[in-house]
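*Asks:* Got a predicted structure here, sequence first:
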Amino acid sequence: MKRLPLILIFSIGLAGMVTLSAQDNLPSEQVQVIKNFEARLADANKLPVTPSLPPADTTTLRYNYRLQPKSLSLEYEAPTIRPLGIKTEKQDPGYDGLIQAGYGYPNAPYAYAGYRANPNKQLNLGASFRHLSMNDSKQYADRRFMDNDLHLESTYFTDSELALKGNADFSMDDVYQYGYDHAVYDTLSGLKRRFNAFDLGFQLYNGENNKGNINYFAGLDVYRFADNYANREVGVLLDLGAKKYIAKKHPIALEIKTDLSTLNDTTKQTLNNFNLLPSFTFHSNAFRIKAGGNVAVYDDQYFIFPDVSLALAISGNQIILFGGWTGDLQKNNFKSLATYNPFINRRITIRNSEYNDYFGGLKGNVSFIQYELKGGYKQTKDMALFQANNALPVSFDVLYDDVNLVYALGNIVLHPAKNIEVGLMLTKNFYDPATQAKAWYLPDFEGSARIQYTTMENRLQVALETYYMDKFPTLNAFEEEGFSNTLLDVNVQADFFITKRFGVFAHLNNLANIQHRRWLDYPGIGLNAIGGIQVRF
């Protein structure tokens, strides 16, 4: 009888141990709660796990604002009626070299040669040469031109994060000033004006991301621009900058520019500008805001311009609302004026234009459509206008006036199919000069359209291009106002590689045969064509 309590206690303890062991290994279909005590004991033995929500997936939202859609070009340079240059980007990426040779009407030889090389992973080299000329003197006396361009470039990536880039460009262009009364004069002497330009540039920058999330660069560009009438302009641009990313997405930037240019003809003129550009850009999941400024110095004068902008996502990457306010000093030096108007007077006054630009619009990507719609109000002091003079041959003087400009533009690129690209650009300007009656020789409505079709594994490319420019006001030497004629330039281009390496090309330009007078007394070339052979290697 004395052993009975011991046996009873031993049996109860053994049953408890079996029960506890069974609870850890019970099959799901045999779970049985014996009593409250054992249930509480099972709860107490659970592993301590604190539930938490997974981190929010913001990858898509960040993509929308850290990788903005490519900004479409907003500037449109008035087309010149001449055979269009063959675009180097047509070179197949699988080939390093391209040579083209052709001839056109009227009397238009053409040649292009380009080559790129990558001797190793650290070095990239490239070179190209292009020649295009035309002589239409039989149709219109002395209407002719010649363009020659040579380009060299190299990029070297060091073993560290540094990259060194250099480029050299040389051009020699002949412009014939055929703007005179051809009913009175058969020809005149001294019509050829030759422009020589030499540019040399170097840039140092970080070719890879670094631990400090800092991007930096230092650039030096030197140019010499001259003609055969004793005009010599030398320019030097020093550009330094750095950008630090906070939290890997909010950049603080600082850029310093020193832009020097000197023109020597019968006198010496200088335009030396200095810019200090600090800014901070904040990126969120819904918007991007930039706050910065532009401190500009010229001739002991200080100008402070804002550099602020806001981009707001209305519907992801499909609809982005943007707006801002920027300003700067824009140089009207010999190089920029002669590039815009090659018939510029042999003696000019160079000057800065001061502008403030208030703008806003919409842009984005919708399916296969990329678009940008922009409008704004631009105030400009000393905008460059033009007036024909009474010298023979006719050239153009520069008139400076304060001009308020209201503008609207649209730019759309469509890819309805893999091998089809459609582009459309429209620009409308409303000028309000302070002293001049009108904005002489500045177009107020322009448009262009392009349809390009590529097939046969990129061996055949066909394109249709159209340019339109509405009438714009002109002013002759006797203060008489007029208007240019309307430009409608329709071009068809075809490039076909018969084999992988050998092909032909043919371009028909100005099918409407309109001799547009972009500059008074200078009718452009009418219908013209060019064709030839091409080899890639």
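*Replies:* Yes, it's here. Residues are numbered from 1 along each chain as shown.

*Asks:* so where's this protein uncertain?
*Replies:* Within the chain, the stretches with pLDDT under 70 are 1-93.

*Asks:* Could you find the closest non-adjacent residue to residue 121?
*Replies:* Excluding the flanking residues, the one nearest residue 121 by Cβ to Cβ, 6 or more residues apart in numbering is residue 157, at 7.4 Å. Just so you know, the C-beta spots here come from the backbone N, C-alpha and C atoms, and that holds for glycine as well.

*Asks:* Show me the beta-bridge partners of that neighbour.
*Replies:* residue 163 (DSSP bridges).

*Asks:* That one: neighbour count?
*Replies:* By the criterion of other Cβ atoms under 10 Å, residue 157 has 17 neighbours.

*Asks:* so it makes contact with residue 120?
*Replies:* No. Counting by Cβ atoms under 8 Å, residue 157 stays clear of residue 120, with 9.6 Å between them.

*Asks:* On the three-state scheme, residue 339 is what?
*Replies:* helix (DSSP: H, G, I helix; E, B strand; the rest coil).

*Asks:* Name all residues that make contact with it.
*Replies:* If a contact means Cβ atoms under 8 Å, 6 or more residues apart in numbering, then residue 339 has no contacts.

*Asks:* Could you look up the SS state of residue 183?
*Replies:* Classification of residue 183 by three-state DSSP places it in coil.

*Asks:* Show me which parts of the host helix or strand of residue 493 are buried, residue by residue.
*Replies:* Here residue 493 sits within strand 487-497, counting by DSSP states H and E. Neighbour counts using 16 or more other Cβ atoms under 10 Å place 487, 489, 490, 491, 493, 495, 497 of strand 487-497 among the buried residues.

*Asks:* separation between the fourth one and residue 137?
*Replies:* I take that to be residue 491. Noted for residue 491: a distance of 23 Å to residue 137, by Cβ to Cβ, to the nearest Å.

*Asks:* contact partners of the strand holding residue 493?
*Replies:* The contact list for strand 487-497 (Cβ under 8 Å, 6+ apart) reads 79, 81, 84, 90, 459-469, 503-512, 514, 516, 518, 534, 536.

*Asks:* mind listing the helices in the stretch 251-400 of the chain by residue range?
*Replies:* Taking DSSP state H, counting those that start in this stretch as the test, the helices found in the stretch 251-400 of the chain are 334-340.

*Asks:* can you map out the strands along it?
*Replies:* Using DSSP state E, counting those that start in this stretch, the strands of the stretch 251-400 of the chain run over residues 268-283, 287-298, 301-315, 319-332, 351-366, 369-388, 396-417.

*Asks:* Nearest to residue 102, out of those?
*Replies:* Minimum separation from residue 102 across the strands of the stretch 251-400 of the chain (Cβ to Cβ) falls at strand 396-417, 28.8 Å.

*Asks:* now the angle from that closest one to strand 319-332?
*Replies:* Counting by axes from the mean of the first three to the mean of the last three Cα atoms, to 10 degrees, strand 396-417 points 150 degrees away from the direction of strand 319-332.

*Asks:* Next secondary structure after strand 396-417?
*Replies:* Criterion used, DSSP H and E; the element after strand 396-417 is strand 420-433.

*Asks:* Now do the contacts for residue 322.
*Replies:* Residues in contact with residue 322 (Cβ under 8 Å, 6+ apart) are 309, 310, 311, 312, 360, 361, 362, 363.

*Asks:* Among those residues, pick out the one closest to residue 191, please.
*Replies:* Residue 191 lies nearest to residue 361 out of the contacts of residue 322, by Cβ to Cβ, at 44.8 Å.

*Asks:* Tell me the spacing between that closest one and residue 272.
*Replies:* In terms of Cβ to Cβ, residue 361 sits 34 Å off from residue 272.

*Asks:* Settle it for me: which of these two has more neighbours?
*Replies:* Comparing residue 361 with residue 272 by neighbour count (other Cβ under 10 Å), the higher total belongs to residue 361, at 19 against 14.

*Asks:* From residue 167, how far off is that one?
*Replies:* For residue 361, the distance to residue 167 - Cβ to Cβ - is 33 Å.

*Asks:* what's the nearest residue to residue 296 if we skip its chain neighbours?
*Replies:* Spatially, and ignoring its direct neighbours in sequence, residue 296 is nearest to residue 303 (4.3 Å; Cβ to Cβ, 6+ apart).

*Asks:* residues touching the one you found, list them.
*Replies:* Residue 303 neighbours (Cβ under 8 Å, 6+ apart): 294, 295, 296, 297, 327, 329, 354.

*Asks:* For the second one, list each beta-bridge partner.
*Replies:* With DSSP bridges as the criterion, residue 295 is bridged to residue 276, residue 304.

*Asks:* For burial, what's the neighbour tally of it?
*Replies:* For residue 295, using other Cβ under 10 Å, the count is 13.

*Asks:* residues touching it, list them.
*Replies:* Counting by Cβ under 8 Å, 6+ apart, residue 295 touches 275, 276, 277, 302, 303, 304, 305.

*Asks:* residues contacting the fourth one?
*Replies:* By Cβ under 8 Å, 6+ apart, the contact set of residue 302 is 295, 296.

*Asks:* Offset the numbering so it begins at 24, please.
*Replies:* Noted, 24 is the first residue going forward, which turns the last one into residue 325.

*Asks:* Just confirm residue 370 contacts residue 286, I think it does.
*Replies:* No. Between residue 370 and residue 286 no contact is recorded; they are 10.1 Å apart, counting by Cβ under 8 Å.

*Asks:* So these two - more neighbours on which side?
*Replies:* For residue 370 and residue 286, the more surrounded residue by other Cβ under 10 Å is residue 286, and the numbers stand at 21 against 13.

*Asks:* Right, I'll call it a day here.
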